[in-house]
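Asker: what's the 3D shape of this:
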Amino acid sequence: VQLQASGGGLVQAAASLRLSCAASRFAKDYYSIGWFRQAPGKEREGVSCISSSDGSTYYADFVKGRFTISRDRRKTTVYLQMNNLKPEDTAVYYCATCGWGDSLYNTGYWGKGTQVTVSS
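Answerer: So this is what the prediction gives:
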């Protein structure tokens, strides 16, 4: 399973960014894929996930209404559209295989992270 994240950068508060996660063929067919993030000095936390089977989605409360997860028709790329970014969104964002119940969890695979920095 290979996951490659891209799209991070430095933006000002209220700006937008779109992250992309390119998934290997095996990953896209069998795994739900999503995003986690880790800010300096904090634990990694789940952000969003999209189901490989039916396209259903999960969002952490702190991004609802601002972030949108989607995938292309071939399911080779998962996107995270981030709008109205806040300084507290500053973190390394990781693409990963995921699942959810009451909260988001990793299901075994991680990609390398991409840095998102939001200035005030």
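
Asker: off-centre distance for stretch 62-78?
Answerer: In terms of Cα atoms, centre = their mean, to the nearest Å, the centre of stretch 62-78 is found 8 Å from the chain centre.

Asker: I misspoke; the intended subject was stretch 60-76.
Answerer: Using Cα atoms, centre = their mean, the offset of stretch 60-76 from its chain centre is 7 Å.

Asker: same check, this time on stretch 66-81
Answerer: 9 Å.

Asker: and it, what's buried?
Answerer: For stretch 66-81, a neighbour-count test (16 or more other Cβ atoms under 10 Å) marks 67, 69, 71, 75, 77, 78, 79, 80 as buried. For the C-beta atoms, the positions are set from N, CA and C on the backbone; glycine is no exception.

Asker: farthest-apart pair in the residues you listed, please.
Answerer: 67 and 75 (19.2 Å; Cβ to Cβ).

Asker: need the three-state assignment for the residue nearest to residue 28 when sequence neighbours are not counted.
Answerer: Nearest residue to residue 28, sequence neighbours excluded (Cβ to Cβ, 6 or more residues apart in numbering): residue 75, at 4.2 Å. At residue 75 the chain is in coil, as set by DSSP: H, G, I helix; E, B strand; the rest coil.
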